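[1] Build me a model:
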Amino acid sequence: MEEIAGIVLAGGQSRRMGGGDKALLKLGKRPVLAEVVARLAPQAGSIVLSANGDPARFAAFGMPVVPDSRAEFQGPLAGIEAGLSWVRAACPGVRFAVTVPGDTPFIPPDLVQRLAEGRGDAPMAVAVSTAGLHPVIGLWPVAMAEGLAEALARGERRASAFVRAHGAAEVAFGPIRIGGAALDPFFNINTPEDLDLARGLCE
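    As a prediction, the model looks like this:
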C-alpha cells in the first residue's frame, strides 16, 4: 500500500468538557492524544497535528502542529484543510492522508487499510459505524485542500455535507470489544462521563 500521511484533529473548542484540550486529558498514565497517535502511527507515514493556539503545549509529542488558515473558528473542515495543505508542502509524492479526531482513543488498528480498500473508485472514503457517519474519520486526497479552502470561503461548515457532495465511499466498521464490553470504535470523549468511561476501559 502506498504511503499515507496522518492528520490528527485537535482544534475543537471542547465546550461540553468546559473548554481546554481534550486531547491532553489523561487516560491512565498518558494523554488521550498519546493513545490516538499510538494507534495511528503504525498505519501512517508522517503525522501532523491540526490545532490552534500555542503549539508549545504539544511539544512532548514531537509532531508538527499546524493551525487553521483562518482566524475565526470554522470547525473540523478547516482543520482538515490545514492538515492537507501541510502534507502537500511537506510530503511530496504523498497523495492521500487519513484524518482522525484527537479525542477518539480506540480507532481500529486496520483503519487506514480498510478505508483504502473501501475507497474503490471513489475520490475519498469515510468511516461509518452503528453510531452513524463519521465524516472526519476518513481517507482524503491531498489535492482536496484547494476544494476545502474554496468551500470554507463560501461559508460551508458541515463535514457530512461536504464528504457526501464529493462522492465519498462509506466504509462500515463494527463494534470492538474491550474488557468484554462492546464499543463503537469511534467513541469520542465529549463529556466528563465519556472520559470516566474511557479511563475505565483503558484500565
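[2] so where's the chain uncertain?
    Along the chain, the model assigns pLDDT under 70 to residues 1, 12-20, 71-73.
[3] where along it do the helices fall?
    For the chain, the helices defined by DSSP state H occupy 32-40, 76-90, 111-119, 145-153, 159-165, 192-202.
[4] Could you give me the buried positions within the second one?
    Using 16 or more other CB atoms under 10 Å as the burial criterion, the residues of helix 76-90 that qualify are 76-88. Glycine gets a C-beta too; all of them are placed from N, C-alpha and C.
[5] With respect to burial, which of the helices of the chain scores highest?
    helix 76-90 (a mean of 23; mean count of other CB atoms under 10 Å).
[6] hmm, back to that, with distance to V126 added, can I get the helices of the chain in a markdown table?
    Formatted as a markdown table, the helices of the chain follow (distance: least, CB to CB, whole Å):
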| stretch | distance to V126 |
| --- | --- |
| helix 32-40 | 16 |
| helix 76-90 | 11 |
| helix 111-119 | 8 |
| helix 145-153 | 14 |
| helix 159-165 | 5 |
| helix 192-202 | 22 |
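[7] So for I178, which of those helices sits nearest?
    helix 192-202 (4.8 Å; CB to CB).
[8] I would like the residues contacting the closest one, please.
    Here helix 192-202 makes contact (CB atoms under 8 Å, 6 or more residues apart in numbering) with 17, 25-28, 32, 35, 105-106, 178-179, 181, 183, 187-189.
[9] Tell me how far it lies from the chain's centre.
    19 Å (CA atoms, centre = their mean, to the nearest Å).
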